[in-house]
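[1] pasting the structure only:
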């Protein structure tokens, strides 16, 4: 089991692209004992939550599209996007080169156990999604990510 400090450090390392590429800021951090950990990153349009339920060893990433600066209802499927569903949609549009470049970006990050592998995989998936999807108009971007950032 990963403790809260190790979780915080590993999430910070694997999701650093949220700060460096997407200018997101660290948001709320919630550590409920050794049972549930949640870290959020935010910008003016969205909040991205990375949470781990340690007992089940379940990690998930959820993207909340803000409505007038406020969190949407969790059940609002148009504004609450689960990474697993979003990646299924986005990955169909990507090339092998997109995946190769993304893998190179993360090659220096080591995953030492199952939990870290789940976190790393989610970070890799999220980066691909953020680079290839517009959260403003819900359409896939036609221009390279640096033009719409």
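    Okay, I see it. A quick note: this is a predicted structure, and the numbers were derived from the prediction, not measured.

[2] can we go C-alpha only for contacts and neighbour counts from here?
    Fine.

[3] Please tell me how far the residue lying farthest from the centre of the chain sits from residue 10.
    For the chain, the largest distance from the centre (CA atoms, centre = their mean) belongs to residue 33, which lies 22.8 Å off. The spacing between residue 33 and residue 10, counted by CA to CA, to the nearest Å, is 18 Å.

[4] residues in contact with the helix or strand containing residue 12?
    Using DSSP states H and E, residue 12 sits within helix 4-14. For helix 4-14, the external contacting residues (CA atoms under 8 Å, 6 or more residues apart in numbering) are 31, 34, 37, 39, 106, 109, 116, 119-120, 123.

[5] next one: phi and psi at the residue farthest from the centre of the chain?
    Dihedral angles phi and psi of residue 33 (degrees, to the nearest 10) take the values phi 60, psi -140.

[6] Please apply the same query to residue 54.
    Backbone phi and psi, for residue 54 under degrees, to the nearest 10, turn out to be phi -70, psi -30.

[7] Identify the residue nearest it in space, chain neighbours excluded?
    Among residues not flanking residue 54 along the chain, residue 35 sits closest, at 5.1 Å (CA to CA, 6 or more residues apart in numbering).

[8] how near is residue 72 to residue 22?
    From residue 72 to residue 22 the distance is 21 Å (CA to CA).
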